[in-house]
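Enquirer: here is the input, now give the coordinates:
(one chain, ligands or ions: 1)
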Amino acid sequence: MGPYPHVDRLWSLACLGPRDSVSTYKRYHIETKPAPDLYPHPSRFRVRVKKHRLIGLLLKELVQYRGNMPVVLSRPCVYGVFSGPLGGLAPREHSCVGCLRCTTQYPDIVQIHPNPERAGLPGSDLGPDQVDTILYEARTGRVPVRGAGYRGMFGGPGWDGMWTDMSEIVRPTRDGIHGREFISTVTEIGEKPPYLAFDEEGRVSGSEPRVFAIQVPFLFDVPPPAVRSDALLHVTAEAARRIDSLAVVPFPLAAGLPESPEVVPLVRSEEDAALERMCWIPRMLLLEGWNRERYERIRGRFPESVVAVRVPAGTDVPEMVRAGARVLHLVADETARAGGRFFGDVILEIHRKLVLDGVREEVTLIGSGGIVLAEHVPKAIICGLDAVALEMAPMVALQARFRGPGRDPGAAAIRLPGLDHTWAVQRLVNLSASWRDQLLEILGAMGLREVRRLRGEVGRCMFQKELEREAFAGIEGYEG
Ligand code: SF4
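Expert: Predicted coordinates:
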């Protein structure tokens with residue numbers, strides 16, 4: 001025992017955790033199960049066959065090949081679309097990849113068209129192919145793999161303008177998915193003092209950390225108003241419990257739930273008085289809007305809870321931090337823009353200012369808005385977020401139908417199918433497992449062994465704008 005027994009005890013607790021957790025250590029794992037789509041997403045292409053011409057061709061070939069049916073019914077489509085039943089009379093459109101092999105050989109008989117029914121997410125950057133990706137992730141819980149290589153664009157606005165650096169040199173050292181070396185995705189949420197102060201007897205005399213950990217750096221945000229319902233909120237809360245994360249739930253519903261460590265009540269100012277009725281202590285409370293006096297009051301009322309503040313991403317965050325806020329949820333719009341700027345740039349600026357002010361380690365930044373694909377999570381963390389709140393991706397996973405920007409409460413622009421609780425929870429759990437595995441892939445490729453080290457690590461990323469400026473600045477035609 002050292003001269004400060006309280007310090008020794010704190011240290012041993014920090015190292016070992018509760019005794020029963022030492023003996024019951026379990027490697028974190030998200031259990032996935034198939035959860036099939038309720039209805040298919042429209043296929044990429046429409047295969048239009050002129051049947052009378054195809055029948056004419058079949059009759060001609062019947063004579064030409066003397067009734068050899070396998071030859072007569074075969075068509076040049078290795079994907080089995082325009083070659084299936086009856087030699088292409090009933091094409092299997094859902095498997096068409098648009099290679100145009102068929103229409104090159106039979107231009108008078110078959111034509112391939114983009115399917116106008118395919119929908120992305122209106123008012124966002126999420127296109128139909130990305131919707132397909134999310135549906136696959138929610139259906140299977142697996143990482144989507146395209147064996148034929150990437151056929152999309154190599155740059156673009158927003159998150160597409162950031163390229164993560166997967167250095168081959170470090171890659172063999174980490175392998176999170178396959179389990180050779182554990183990579184931690186644990187994320188700490190809360191506030192930490194700049195240092196611990198102890199009295200002469202070794203007791204902590206100053207402020208203590210108010211921190212708890214979740215197993216993944218993402219949580220479920222409160223769903224868009226048009227689809228918010230008790231049933232859906234129970235689904236997000238249960239999915240959060242299963243993956244050991246958090247779900248933001250409006251206060252009136254949260255207050256009626258039994259004690260739920262995964263539930264974060266979202267409290268509007270007019271609900272402050274009703275907070276007294278809360279009969280359990282949440283791990284975290286999220287206050288809508290910033291008001292210093294209100295913040296201090298609720299922190300005092302809930303000394304065991306982390307009290308976070310939800311504000312638009314364009315808010316002067318360093319000023320709020322100077323005023324005492326420590327856990328902030330920054331909200332951008334659905335296209336990942338805040339105050340006319342890209343959300344990633346805004347986060348990066350806030351992160352750097354907090355670093356310069358010497359308070360970044362004391363603060364937790366959560367962000368939401370336009371973070372809708374698995375790769376957006378590490379990119380947002382590289383920009384400086386600690387965790388990401390998911391709003392639209394879970395809705396896509398649950399096969400919501402979108403007719404307009406989802407946050408517009410008046411438009412009621414989103415419709416969810418009838419939710420079977422077990423199916424819906426499994427879809428969100430599968431989505432989380434897939435996104436975590438993709439995060440592990442990126443961390444492994446970067447040689448990082450925990451996601452906390454990724455925060456603000458811009459050296460692990462290349463920015464298209466900067467690379468283009470380096471390459472083309474001063475050259476006529478560069479619009480930089
Ligand atoms: S475009 Fe390619 S995949 Fe589609 S039907 Fe034609 S040959 Fe088959």
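
Enquirer: each with direction, which strands does whichever strand in the chain runs longest pair with?
Expert: Scanning the chain for the longest strand, with DSSP state E as the assignment, gives strand 306-312. In the sheet containing strand 306-312, its partner strands are strand 284-288 (parallel), strand 327-331 (parallel), by DSSP bridges.

Enquirer: list the contacts of the first one.
Expert: I take that to be strand 284-288. With Cβ atoms under 8 Å, 6 or more residues apart in numbering as the test, strand 284-288 has contacts from 189-190, 212, 246, 248, 264-269, 294-295, 298, 302, 305-310, 327, 329. C-beta: built from backbone N, CA, C; applies to glycine.

Enquirer: tell me the mean pLDDT for it?
Expert: Model confidence over strand 284-288, given as mean pLDDT, is 97.

Enquirer: over to the last one?
Expert: Regarding strand 327-331, the rounded mean pLDDT is 98.

Enquirer: after that strand comes which helix or strand?
Expert: From strand 327-331 onward toward the C-terminus, using DSSP states H and E, the following helix or strand is strand 337-338.

Enquirer: over to the first one?
Expert: From strand 284-288 onward toward the C-terminus, using DSSP H and E, the following helix or strand is helix 292-301.

Enquirer: for that following helix, list the C-alpha coordinates in CSV.
Expert: As requested, the backbone C-alpha atoms of helix 292-301 are provided in CSV (Å, rounded to 0.1, in the frame of the first residue of the first chain):
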residue,chain,number,x,y,z
ARG,A,292,-26.4,28.3,-18.6
GLU,A,293,-28.6,28.8,-15.6
ARG,A,294,-30.8,25.9,-16.6
TYR,A,295,-27.8,23.7,-17.2
GLU,A,296,-26.3,24.4,-13.8
ARG,A,297,-29.7,23.8,-12.1
ILE,A,298,-30.2,20.4,-13.8
ARG,A,299,-26.6,19.4,-13.1
GLY,A,300,-27.2,20.1,-9.5
ARG,A,301,-30.5,18.2,-9.5
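
Enquirer: how near is Glu334 to Ile442?
Expert: Distance from Glu334 to Ile442, counting by Cβ to Cβ, to the nearest Å: 24 Å.

Enquirer: follow-up on the earlier one: moving C-terminal from the longest strand of the chain, which element do we reach first?
Expert: Sequence order places helix 317-322 as the next helix or strand after strand 306-312, per DSSP H and E.

Enquirer: which positions in that next one come out as buried?
Expert: Judged by neighbour count (16 or more other Cβ atoms under 10 Å), helix 317-322 contains these buried residues: Val317, Pro318, Met320, Val321.

Enquirer: rewinding a little: the contacts of strand 284-288 also near the ligand: which ones?
Expert: Restricting these to those adjacent to the ligand (criterion: Cβ under 6 Å from any ligand atom) removes every one of them.

Enquirer: of those, grab the buried ones for ChimeraX.
Expert: Selection command for ChimeraX covering only the buried members of the contacts of strand 284-288, criterion 16+ other Cβ under 10 Å:
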select :189,190,246,248,264,265,266,267,294,295,298,302,305,306,307,308,309,310,327,329
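
Enquirer: that older thread, could I have the longest strand of the chain exported to CSV, CA atoms only?
Expert: This file holds the C-alpha atoms of strand 306-312, laid out as CSV (Å, rounded to 0.1, in the frame of the first residue of the first chain):
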residue,chain,number,x,y,z
VAL,A,306,-23.9,13.3,-17.3
VAL,A,307,-25.8,16.4,-18.5
ALA,A,308,-25.4,17.0,-22.2
VAL,A,309,-26.7,19.9,-24.3
ARG,A,310,-28.1,19.6,-27.8
VAL,A,311,-27.5,22.6,-30.0
PRO,A,312,-27.2,23.4,-33.8
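
Enquirer: in the stretch 51-200 of the chain, where is pLDDT below threshold?
Expert: By pLDDT under 70, the low-scoring segments of the stretch 51-200 of the chain are 84-87, 121-123, 147-149, 167-176, 178-179.

Enquirer: point me to the residue of the stretch 251-400 of the chain nearest the ligand.
Expert: Gln399 (25.2 Å; Cβ to the nearest ligand atom).

Enquirer: that residue belongs to a strand?
Expert: No. Counting by DSSP: H, G, I helix; E, B strand; the rest coil, Gln399 is not part of a strand but coil.
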